[in-house]
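Peer 1: model the following, please.
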Amino acid sequence: MRISTQTFYEQSRTTMGAQQSSLLRVQQQLGAGTKILSPSDDPLGATRALAVSQSISLTAQYSGSRDHAVQTLSLEESALQSVTMVLQNVKNLVIQAGNGTMADADRVAIATALQSNLDQLQGLANTDDGNGQFLFAGFRSASAPFVRQADGGIQYTGDQGPRQVQVDVSRQMAGTDDGRSIFQSVQAGAGYVASAANANSGSGVFGLTSVVNPNDVNYGKDFVISFPDASSYQVDTVPASSTPLVAATPFTPGGAIAFGGLQVSISGAPAAGDQVNVATAKNAGSDVFAAIGDVIKALRTPVDGPKNQALVLNALSTANRKLTNAHDNVLTVRSSVGSRLQELDALAVGAGNRTLHDKSQLSDLQDLDYASAIAEFYQRQTALQASQQTFVKIQQISLFNYL
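Peer 2: Next up is the predicted model:
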């Protein structure tokens, strides 16, 4: 079969062009270190590589979120540790103030120490993260959550918004806790708190409230022990029902008063009209700042008679119970923070393993086998050189060379 000169040149050009293209592709693979230069090289592999790359990127973003959560939770745990120490110190001072041998000056000195602890506690409650964001303010993190009022009280101005952080694909976690749940809340099992009415004029002093029958039908309600006269008492629920829970009963100083599955003793001499409130911890007032403020006020009251002595003793008893509940609540929150930090560590380990697996899979999909690529490079180069030399030899074959 005869082949025209034009056909020969076109076929030679096409063949050498294809070989040059193949050689260039191998050179690009060697330069880039990957065997997929464009999706058309391996559509399925390119799609899988894109999905794996996105998984690695998402894992890195979640890792950044976890780092931020670890930072804020570590700051919170450190602050709560200091809060625990302050509350323990306050409880010790309250117990010390109950010493019957103390004079008014001694109690005032303890009140001054309690005021210092109260100021320190407020400072800890207003802890920020170093960037002007307050840890315990909820969503209102730009301003201090606990603000002292004109009357000396401390008011919470934050909210209870949960500042959630996406720490993994299907896991959101609270990066901080709001101040109300820490400093103005109690646990469900905190029990009862007894307190004397401000208007009491007698010297009645209540003791510890104990639970004797949690299955009582009235257990869980709030109660008030009132003294129609100095020699008798009655117990009503709150709000009061049509008939008293315990009808008028002769009062014996120091004797047990039982009602609603509870038992409490009252010593001294209550006056007609005096009241002792026995309420669940939640309804008795769960604000730790207010509890400390109340006992400071009571300690600064001169003990000049049985009435004021009873006022101070009852205030100390109420404060001691409230502070115990507040301390337990802070410990519970600290436990929650520790659990979240532990979970973040576990998530970080899992994410590290997942990233390692994804990178290994991505390497299998797109990384170049340099040994095979170099061998192919020399093979393509040799084939191209052979084609070029063959073209040179053949194009010299012409009848014009023999005329």
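Peer 1: only C-alpha atoms from now on, for both contacts and neighbour counts.
Peer 2: OK.
Peer 1: for stretch 225-245, measure first residue to last.
Peer 2: Terminal residues of stretch 225-245 lie 10 Å apart, using C-alpha to C-alpha, to the nearest Å.
Peer 1: same thing with stretch 185-195?
Peer 2: 18 Å.
Peer 1: other residues contacting that stretch?
Peer 2: With contact meaning C-alpha atoms under 8 Å, 6 or more residues apart in numbering, stretch 185-195 is reached by 206, 209, 276-282, 284, 286-287, 314-315, 317-318, 321-322, 325-326, 328-329.
Peer 1: those in strands, which ones?
Peer 2: Counted as lying in strands by DSSP state E, out of these, are 206, 276-280.
Peer 1: from those residues, pick the one nearest T176.
Peer 2: T280 (27.6 Å; C-alpha to C-alpha).
Peer 1: count of neighbours near that closest one?
Peer 2: By the criterion of other C-alpha atoms under 10 Å, T280 has 21 neighbours.
Peer 1: give the bridge partners for it, please.
Peer 2: On the basis of DSSP bridges, T280 is bridged to Y192.
Peer 1: that one against G220, yeah?
Peer 2: Yes. The criterion here is C-alpha atoms under 8 Å, and T280 meets it with G220 at 6.8 Å.
Peer 1: so what's the nearest residue to V330 once chain neighbours are set aside up against?
Peer 2: Spatial nearest neighbour of V330, excluding adjacent residues (C-alpha to C-alpha, 6 or more residues apart in numbering): I182 at 5.9 Å. Residues in contact with I182 (C-alpha under 8 Å, 6+ apart) are 329-330, 333.
Peer 1: put the buried members of the contacts of stretch 185-195 into a PyMOL selection.
Peer 2: Applied in PyMOL, the following selects the buried portion of the contacts of stretch 185-195 according to 16 or more other C-alpha atoms under 10 Å:
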select buried, resi 206+209+276+277+278+279+280+281+282+284+286+287+314+315+317+318+321+322+325+326+328+329
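Peer 1: if we can go back for a sec, closest to P214 out of the ones in strands among the contacts of stretch 185-195?
Peer 2: Among those, and counting by C-alpha to C-alpha, the member closest to P214 is T280, at 12.8 Å.
Peer 1: what's near enough to touch that closest one?
Peer 2: Going by C-alpha under 8 Å, 6+ apart, the list of residues near T280 reads 190-193, 220-222.
Peer 1: distance of it relative to R321?
Peer 2: The value you get for T280 to R321, if C-alpha to C-alpha is used, is 11 Å.
Peer 1: circling back to that earlier point, which one of the contacts of I182 sits closest to A199?
Peer 2: Using C-alpha to C-alpha, N329 comes nearest to A199 of these, at 30.5 Å.
Peer 1: ok, the closest one to D287 distance?
Peer 2: Counting by C-alpha to C-alpha - N329 and D287 are separated by 11 Å.
Peer 1: dump the residue contacts of F223.
Peer 2: Here F223 is in contact with 235-238, 277-279 (C-alpha under 8 Å, 6+ apart).
Peer 1: kindly recompute the last result at 10 Å.
Peer 2: Applying C-alpha atoms under 10 Å, 6 or more residues apart in numbering, we find F223 in contact with 192, 194, 235-240, 245, 259-260, 276-280.
Peer 1: can you check the pLDDT for the residue lying closest to it once chain neighbours are set aside?
Peer 2: Once flanking residues are discounted, F223 sits nearest to T237: 4.4 Å by C-alpha to C-alpha, 6+ apart. Note on T237: pLDDT of 93.
Peer 1: confirm T237 sits in a strand?
Peer 2: Yes. Using DSSP: H, G, I helix; E, B strand; the rest coil, the assignment for T237 is a strand.
Peer 1: any idea which helix or strand comes after the helix or strand containing L124?
Peer 2: Using DSSP states H and E, L124 sits in helix 104-125. Counting by DSSP H and E, the next helix or strand C-terminal to helix 104-125 is strand 146-148.
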